[in-house]
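> Please find the sequence and the predicted model below.
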Amino acid sequence: MSLELLKSIDLEKVGTLEQSKELNVVLMNMLEILLLENEKQGLAIQELRDEINRLKGEKGRPTFKPNKESDRRGKGKKPRNKNNKKGGKKAKISIDKEIVCEVDKSILPPDAQFKGYDQHLQQDIEIKRVNTLYKIEKYYSKTENKCYRGEVPKNGIRMYGSGIKTWLNLLNRCCDNTQGRLKVLFESMGISISSGTINNYLLEPEDWVLAEQKEILRTGISSGSYCQIDGTKSVERGVSKVTQIICGAYFATFYTKANKKRLLIIEALLGMVEGQSSLEYGYNEHTQKILEVLRVSASDRLTLEKVFGNKEEQGIFEWVGNVDAFEQRITDMAPHIMSKKNMYGRVKESFALTYYYYYYYYSQDKFPVVDFMLSDDAPEYNKLSLALQGLCWIHDARYYKKLIPKLDCHRNMLKTVMKSYWDFYDLLLAYKEAIKEQQVEQKQAIQRKFDRIFSQKTEYFQLNACLERTLNNKDKLLAVLENPALPLHNNSAELEARRIVRKRDISLHTWSLKGTIVRDAFLSIIQTCIKLDVSPFNYILDRIKKENDMPSLSSLIYQKAL
């Protein structure tokens, strides 16, 4: 709504009560917008005044945080967490040593009877330095002109043992200690180690961590009923990048890419790290449908069909090739398409999605395709799931939460709608927990209720815009009706994204591509260990020692998913 709407009103034609009411609705919404604009201008003016005061050596106006209200069910009421199943803590604690505290039998009366034990649990940890000096015997045979030396144990060949390597990786990757602080810690324990050595050991296990990371992703996608995805900013040597977090109920993986374009997200979904990707492109009858969805013009679609179409070709595709072959064919036969930068990017995405769907999906030796994906409503995640994409209800609710109505009537309308919103959210939670027969009965009723709530029109125009946005995303927000295992929110991926944010807060950025790749792989292993209730320390130590006594994380993911 704009000022033009008011300018078009003819007051002489307002002659009935109904017309007066419509005019009042328009005026009240215009007043709402003006009050918000006035508040924004007031804040901007105050910021300028504070800056002037600071330039004069004075202080700006202090700010005080307002009392927070719950966004669900009114002030101070915390929503019930149906997933809170902690149970007792002591039952999860492993006992390493038992000490019986005996009673002095000499002080017991003759009729004393044993009644069992009172139990008191004390937890402690021992971290101690173990510096070993190997004295290697040497013998020399004068007759044979030969020197004989004692053999050093395999684990004692290198200057630093597996314990130091494990603690370095655990403290840096899991506890976010910087390399400088790690040097101080180890030196305080009597271990002499340089910053360069610490850095080398943190980058050393590149091969096995990358292999583990890829297997975690492969098994997580193939054995789970859904995947969640989210992206967050990452920095590599001062250059902004984007880390994609792909996770599920029992796994979490991290892949940092140059940007958040759909092509690079496909690489992440295929376990391809930055600089080592080799996406393939394909064309078949389904490519035209994807091109249309991504808003490629009809004339360009016809041109692409002439360039890549080959009905005589047998198999899944009429044409297939790598990025170089694709670009060469476009350059030779349709150069005008390459000149349209934005559209050309959508064309590449369409060909890559075709290959991703139909080759990787039907080939057992390739990566599995995500059937159900849960994400926020960022456009780069569209079309990445084979069956259906679900949207996060918490992200959708943020649009309503951003509304700050100034008029009581608008405030009451928002409050009424939000009560219906969260009641419907609870209805979906109940649907997820219902048995299959009940879900079949409830499905259509839930869809009808969704339409009733989000197709309504209020006299608060900004609220109507939010309702319309929710209604337009009906299929994605109700994806849980097709897959009850799908969460209603994307909190799991957002919580995993905090690990990258925390790294960025402490260390600002990584210093090399290799450092970024190894960081992502280690975070994938550590966060997956946490989801599987596996000790990250024991697992990393087992792999660094190359003992492989512990089962792989991918096998544990598969067992959990059964």
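Yep, it's here.

> what about the strands in the protein?
With strands called from DSSP state E, the chain shows them at 138-141, 146-149, 227-236, 239-247, 252-257, 280-283, 319-322, 372-375, 388-391.

> What residues of the longest one count as buried?
In this case it means strand 227-236. The neighbour-count check on strand 227-236 (16 or more other CB atoms under 10 Å) flags C227, Q228, I229, D230, G231, T232, S234, V235, E236 as buried. C-beta here means a position set from N, CA and C on the backbone, and glycine is covered the same way.

> Can I get those in JSON lines including distance to C466 and pLDDT?
As requested, the buried residues of strand 227-236 are exported to JSON lines (distance: CB to CB, whole Å; pLDDT from 0 to 100):
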{"residue": "C227", "distance to C466": "28", "pLDDT": "95"}
{"residue": "Q228", "distance to C466": "24", "pLDDT": "96"}
{"residue": "I229", "distance to C466": "24", "pLDDT": "96"}
{"residue": "D230", "distance to C466": "22", "pLDDT": "95"}
{"residue": "G231", "distance to C466": "24", "pLDDT": "95"}
{"residue": "T232", "distance to C466": "25", "pLDDT": "94"}
{"residue": "S234", "distance to C466": "31", "pLDDT": "93"}
{"residue": "V235", "distance to C466": "34", "pLDDT": "93"}
{"residue": "E236", "distance to C466": "37", "pLDDT": "93"}
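
> and of the strands of the chain, who's closest to N483?
strand 372-375 (4.9 Å; CB to CB).

> can you list contacts of that closest one?
Residues from elsewhere that reach strand 372-375 (CB atoms under 8 Å, 6 or more residues apart in numbering): 225-230, 381, 384-385, 387-392, 479, 482-483, 486-487, 490, 493.

> List the strands paired with that strand, with their directions.
According to DSSP bridges, strand 372-375 forms sheet pairs with strand 227-236 (parallel), strand 388-391 (parallel).

> will you turn the ones you listed into TSV that also has distance to I216?
Shown next, in TSV, are the strands paired with strand 372-375 (distance: least, CB to CB, whole Å):
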stretch	distance to I216
strand 227-236	12
strand 388-391	22
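
> Now list the buried members of the contacts of strand 372-375.
Buried by 16+ other CB under 10 Å: 226-230, 381, 384-385, 388-392, 479, 483, 486-487, 490, 493, out of these.

> how is the protein carved up into domains?
Per the record, the chain has its domains at 138-203, 277-363, 393-481, by automatic domain parsing.

> out of the ones you listed, which comes closest to K531?
domain 138-203 (13.5 Å).

> The strands of the chain: which one's closest to T63?
Comparing the strands of the chain by CB to CB, strand 227-236 comes nearest, at 25.7 Å.

> How far off centre is the closest one?
Distance of strand 227-236 from its chain centroid, counting by CA atoms, centre = their mean, to the nearest Å, is 6 Å.

> biggest helix in the protein, by residue count?
In the chain, with assignment by DSSP state H, the single longest helix is helix 17-55.

> pLDDT of it, averaged?
The average pLDDT within helix 17-55 is 79.

> Now that helix: buried residues?
The neighbour-count check on helix 17-55 (16+ other CB under 10 Å) flags V26, N29, M30, E32, D50 as buried.

> Give me the distance between the last one and N38.
Using CB to CB, to the nearest Å, one obtains 19 Å as the distance from D50 to N38.

> same check, this time on the fourth one
For E32, the distance to N38 equals 11 Å [CB to CB].

> can you check the second one too?
N29 sits at a distance of 15 Å from N38 (criterion: CB to CB).

> try the third one
Shown here: M30 relative to N38, a distance of 12 Å by CB to CB.

> Repeat that for the first one.
Taken as CB to CB, the spacing of V26 relative to N38 amounts to 19 Å.

> surely W319 meets T287?
No: the criterion here is CB atoms under 8 Å, and W319 misses it with T287 at 9.2 Å.

> more crowded one of those two?
Between W319 and T287, counted using other CB atoms under 10 Å, T287 has the larger neighbour count: 27 against 19.

> How confident was the prediction at that one?
For T287, pLDDT reads 91.

> Provide a list of residues in contact with it.
L304, F308, S350, F351, T354.

> Could you report the distance from it to F308?
8 Å.

> Overlap in contacts, those two.
Residues touching both T287 and F308 (CB under 8 Å, 6+ apart) are F351.

> got any ranges where the stretch 201-350 of the chain has weak pLDDT?
277, 313-314 (pLDDT under 70).

> For the nearest residue to Q288 once chain neighbours are set aside, grab the count of nearby residues.
Nearest in space to Q288, with sequence neighbours left out and distances taken as CB to CB, 6 or more residues apart in numbering, is R301 at 5.8 Å. For R301, the neighbour count with other CB under 10 Å is 16.

> Next up, the contacts around R301.
R301 sits next to Q288, L291, E292 when contact means CB under 8 Å, 6+ apart.

> ok, how many other residues are close to the first one?
Here the count is done by other CB under 10 Å, and Q288 has 18 residues near it.

> Quick check: the gap between it and V369.
For Q288, the distance to V369 (CB to CB) stands at 20 Å.

> Equivalent analysis for I245, please.
Distance, I245 to V369, using CB to CB: 18 Å.

> And for L291?
Using CB to CB, one gets 19 Å for the distance from L291 to V369.

> Who has more neighbours out of those two?
The residue with more neighbours, out of L291 and V369, is L291; 25 against 20, by other CB under 10 Å.

> Next one: that one from L304, what distance?
Here L291 is placed at a distance of 7 Å from L304 (CB to CB).

> Mutual contacts of those two, please.
Common neighbours of L291 and L304 (CB under 8 Å, 6+ apart) are V347.

> List the residues that contact L210.
V273, I517, V518, A521 are the contacts of L210 under CB under 8 Å, 6+ apart.

> And the pLDDT at the last one?
Per-residue pLDDT puts A521 at 94.

> Might one say that it is in contact with I216?
No: contact between A521 and I216 fails when scored by CB under 8 Å: they sit 9.3 Å apart.

> For P484, which non-adjacent residue is spatially closest?
Using CB to CB, 6+ apart, the nearest residue to P484 is K432, at 5.0 Å.

> contacting residues around the one you found?
Neighbours of K432 in contact, by CB under 8 Å, 6+ apart: V480, P484, A485, L488.

> And the pLDDT for it?
K432 is given a pLDDT of 93.

> Can you tell me how far it is from M272?
Separation of K432 from M272 (CB to CB): 33 Å.
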